[in-house]
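Engineer: fold the following and give me the result.
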Amino acid sequence: MLLTRRAALADLPAILALVRRVVPLMQASGNFQWTDDYPNEVVFTADIAKSQLWVAELDGAVAGVAALTQDQDAEYAQADWDVTEPALVTHRLAVAPAAQGRGVALALMQQAETQAIAQGLKVSRVDTNSENAATQRLFPKLGYRFAGEITLAFRPGLRFFCYEKLVG
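Structural biologist: As a prediction, the model looks like this:
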């Protein structure tokens, strides 16, 4: 059974183990969005403290994670959307390799839309590394429109594709 819930500090070991399994696979496919240093325990602890980190559990084990925030990087102004429009933004989306293809990312993205509506927001946004083919297939299937390409100062040399969906 698959369910999503807010992450708790007790989930940190499982979340960090998931990220340690995902990062080498991302890098092997040419996606260098994440490293051994990011995202890390400090980042996820802050997400939990702000009640904005969610996990997806599959058969009782953490199988995915996503930070659902209203944080929009300044560089989002490069995208083809209205940056003055408050939005729910999905960050740090990851799915355990063994759980890929089992609806985990879909469940987390649906949770993002649910949170957006609950927070009175009309828009859900997400960005992904230009080398992440899986998310580039997923987001349009979920009704997200491609909103352009940006660069992020804190990830020099990488390009990111932006996606947006009207939800409210």
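
Engineer: tell me how far the residue positioned nearest the centre of the chain lies from residue 163.
Structural biologist: In the chain, the C-alpha closest to the average C-alpha coordinate belongs to residue 93, at a distance of 2.9 Å (C-alpha atoms, centre = their mean). Distance, residue 93 to residue 163, using C-beta to C-beta, to the nearest Å: 12 Å. C-beta coordinates here come from the backbone N, C-alpha and C atoms, glycine included.

Engineer: hey, what's in contact with both of those two?
Structural biologist: Jointly contacting residue 93 and residue 163 under the rule C-beta atoms under 8 Å, 6 or more residues apart in numbering are residue 126.

Engineer: so residue 80 sits against residue 150, correct?
Structural biologist: No - between residue 80 and residue 150 there is no contact under C-beta atoms under 8 Å: 10.0 Å.

Engineer: for the record, mean pLDDT for the top helix by length along the chain?
Structural biologist: Ranked by residue count under DSSP state H, the longest helix found in the chain is helix 12-28. Helix 12-28 shows a mean pLDDT of 95.

Engineer: same check, this time on stretch 31-49
Structural biologist: Here the average pLDDT along stretch 31-49 is 93.

Engineer: tell me the buried residues in it?
Structural biologist: Judged by neighbour count using 16 or more other C-beta atoms under 10 Å, the buried positions of stretch 31-49 are 31, 33, 34, 39, 43, 44, 47, 48.

Engineer: rewinding a little: so where does the residue nearest to the centre of the chain fall, helix or strand?
Structural biologist: Using DSSP states H and E, residue 93 sits in strand 88-95.

Engineer: what's next to that strand, contact-wise?
Structural biologist: Identification of contacts with strand 88-95 by C-beta under 8 Å, 6+ apart yields 18-19, 22, 39, 43-44, 47, 53, 56, 63-72, 104-105, 108-109, 112-113, 115-116, 119, 121, 123-126, 135, 167.

Engineer: all good on my end, thank you.
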